[in-house]
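*Asks:* model this:
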Amino acid sequence: MMDDLRQAMVPPHNLEAEQSVLGAVLIDNQAFEAVGHLLGEGDFYEPLHRAIWSTIERLVVAGKAADVITVHAAGQSAGVALEYLNGLAMSVPSARNARRYAEIVREAALRRALMRMGGELVEAAAKRTAAVEAVPALIDGMVTRLLAMVSKGAASGEPVQIDGVLANLVDSLNQQMEGGSVAIATGLHELDERTAGGGRIGELWVVGARPSMGKSALCLTVSTNVAGDGHGVLFLSQEDSLPMLASRAVANKGRINLADLRNPQRARDQDALWGGVVSGIEMLKGLPLWVDDQGGLTLMDVRRKVQQAKHRAERDGRPLRLVVVDYLQLMMGDGDNRNQQLGQVANGMKALAKELGVWIVLLSQLSRKADERGGVPQVSDLRDSGDIEGAADTIVLLHREAQRNQKLGPEWKHYAQAHVGKQKNGPTCTVPLHFDGTYQRFSGWDGPEPSRMVGGRGGHSAGGLD
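*Replies:* Next comes the predicted model:
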């Protein structure tokens with residue numbers, strides 16, 4: 001019984017695997033290329049092995065040979081003995097199985113990390129504190145660390161020869177020729193056409209607009225369209241509550257006046273209201289659409305929520321493809337001023353899109369200069385940070401002239417424009433849209449556009465912003 005208890009208290013490790021991976025690299029430094037990205041100094045349980053690995057890594061990275069003699073010479077101060085190194089090199093017949101040895105070492109290191117986290121969790125949970133927020137914060141912190149371990153446990157990417165990339169390109173082209181697409185359609189036909197099919201994994205789109213132009217409604221429309229195609233979608237709203245998000249979505253799909261949903265007793269047609277509610281709920285029910293209303297998001301919050309949604313979506317067989325964040329100026333970042341903070345967030349969002357394999361749409365406010373100047377908004381109107389333009393693959397600036405100029409005729413009521421002010425791999429352009437504020441719904445514009453002459457001034461051509 002005592003022996004079993006002592007054994008259970010010993011952290012997981014495999015000294016033989018540690019010795020084998022070190023010996024393999026000592027006799028063939030090319031083995032480091034196969035295992036160097038899998039292991040770090042802290043993954044070794046035996047302190048002496050950590051010192052040896054650190055010395056080997058330092059020599060190999062510097063382009064120097066790392067054999068028994070050179071590692072002994074470079075590691076004497078850390079107690080690396082020549083006899084022990086020689087024994088490591090003699091313990092493996094070849095370096096052929098180095099990767100498998102490294103995987104065993106890595107697995108044991110992950111198990112030790114889990115044990116440490118478990119101990120920290122027990123200790124932290126046992127502490128009594130007056131702060132009500134302490135327990136949720138503790139859980140969030142542990143979940144974030146666990147999810148980071150999941151991604152860290154997988155092998156990180158390695159450089160690949162271009163031949164494999166070219167083969168994948170040909171396969172993708174053939175797939176598209178047969179009607180398939182690597183793009184994720186927004187469901188707004190002309191916008192999809194102008195952006196070669198829609199968004200793509202790893203891309204960051206920024207949707208900018210002045211307040212009350214409908215940017216949240218636009219992105220909710222796109223979100224439900226994408227989810228309706230079977231793609232997983234995560235909508236992070238820092239402004240609307242979950243009930244409000246649900247109301248907007250039901251109004252959108254059920255074609256109900258949003259005002260009636262907010263105050264159903266005042267609805268003129270109760271049968272139409274409840275018929276629309278049932279219809280909207282039926283259309284939304286079962287969609288792979290995840291929603292969240294935490295305010296003051298940080299990049300770490302977004303990472304954690306995306307990882308959580310990815311695991312749930314993949315479990316359901318509908319991988320997460322789109323993440324919408326509403327909106328940038330409500331987020332928290334690091335930096336000496338607000339400009340630096342939002343720049344850090346924008347660049348971090350682009351990195352997250354690539355790292356986590358999702359298409360991110362980040363909403364952003366435009367500065368008041370857009371109102372003062374009038375007419376079509378410009379990329380330079382993006383508020384608070386010049387880094388937003390550099391980070392984004394595509395920038396869409398939403399504008400409704402009827403919202404800015406209340407004196408326009410009824411033909412302008414539903415007319416909206418999506419100005420693609422930046423498209424890294426395509427031209428700038430202007431896409432006409434139909435907006436129905438009653439239903440919080442965007443769709444394609446059908447028919448002739450209203451006159452470009454507004455208040456005696458010529459408007460901008462729909463051809464682009466250049």
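
*Asks:* right, and Thr347 touches Ala391 too?
*Replies:* Slight slip there: residue 347 is Asn, not Thr. Yes - assessed by C-beta atoms under 8 Å, Asn347 is found in contact with Ala391 at 4.9 Å. From N, CA and C alone the C-beta is placed, and that goes for glycine too.

*Asks:* looking at the two, which is more packed in?
*Replies:* Just comparing Asn347 and Ala391: by other C-beta atoms under 10 Å the higher neighbour count belongs to Ala391, 21 against 18.

*Asks:* picking that back up, which residues do Asn347 and Ala391 both contact?
*Replies:* Any residue near both Asn347 and Ala391 by C-beta atoms under 8 Å, 6 or more residues apart in numbering counts here, and not one turns up.

*Asks:* so Pro243 lies in a strand, does it not?
*Replies:* No - with DSSP: H, G, I helix; E, B strand; the rest coil as the criterion, Pro243 is helix rather than part of a strand.

*Asks:* find the nearest non-adjacent residue to Val21, please.
*Replies:* Spatial nearest neighbour of Val21, chain neighbours left out: Tyr101 (4.0 Å); criterion: C-beta to C-beta, 6 or more residues apart in numbering.

*Asks:* how close does the one you found get to Arg116?
*Replies:* Separation of Tyr101 from Arg116 (C-beta to C-beta, to the nearest Å): 23 Å.

*Asks:* ok, these two, which is more surrounded?
*Replies:* Taking other C-beta under 10 Å, Tyr101 and Arg116 do not tie; Tyr101 has more neighbours (26 against 11).

*Asks:* got a list of what that one touches?
*Replies:* By C-beta under 8 Å, 6+ apart, Tyr101 lies in contact with 17-18, 20-21, 24, 35.

*Asks:* what about these, which are in helices?
*Replies:* Residues of these located in helices (DSSP state H): 17-18, 20-21, 24, 35.

*Asks:* going by distance to Ala108, which of these wins?
*Replies:* Ala17 (7.5 Å; C-beta to C-beta).

*Asks:* how many residues are close by the closest one?
*Replies:* Applying other C-beta under 10 Å, we find 20 residues neighbouring Ala17.

*Asks:* likewise for Pro243?
*Replies:* Taking other C-beta under 10 Å as the criterion, the count of residues near Pro243 is 11.

*Asks:* helix or strand for the residue nearest to Val21, just tell me which one.
*Replies:* Secondary structure assigned from DSSP states H and E places Tyr101 in helix 98-126.

*Asks:* what's the average pLDDT for stretch 77-87?
*Replies:* Averaged over stretch 77-87, pLDDT sits at 88.

*Asks:* first-to-last residue distance for it?
*Replies:* 19 Å (C-alpha to C-alpha, to the nearest Å).

*Asks:* again, but for stretch 378-386
*Replies:* Terminal residues of stretch 378-386 are spaced 13 Å apart (C-alpha to C-alpha).

*Asks:* neighbouring contacts of that stretch?
*Replies:* Under the criterion C-beta under 8 Å, 6+ apart, residues 206, 208, 329, 338-340, 342-343, 346, 364-367, 369-370, 388-389, 395, 397, 421-422, 465 lie in contact with stretch 378-386.

*Asks:* may I see the ChimeraX selection of the buried members of these?
*Replies:* Selecting the buried subset of those in ChimeraX, with 16 or more other C-beta atoms under 10 Å as the burial test, is done by:
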select :206,208,342,343,346,364,365,366,367,370,388,389,395,397,421,422,465
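
*Asks:* most neighbours of all the contacts of Tyr101, which one?
*Replies:* Val21 (34 neighbours).

*Asks:* wouldn't it be in contact with Ala102 here?
*Replies:* Yes - Val21 lies in contact with Ala102 (C-beta under 8 Å); the separation is 5.0 Å.

*Asks:* what sits in contact with each of the two?
*Replies:* Shared contacts of Val21 and Ala102, defined by C-beta under 8 Å, 6+ apart, comprise 35, 39.

*Asks:* ok, residues contacting stretch 104-121?
*Replies:* By C-beta under 8 Å, 6+ apart, stretch 104-121 touches 11-14, 17-18, 21, 38-39, 42-45, 138, 142, 145-146, 149, 153.

*Asks:* please list only the buried members of those.
*Replies:* Neighbour-count burial (16+ other C-beta under 10 Å) is assigned, among the contacts of stretch 104-121, to 13-14, 17-18, 21, 38-39, 43-45, 138, 142, 145.

*Asks:* so of those residues, which ones are in helices?
*Replies:* 17-18, 21, 138, 142, 145.
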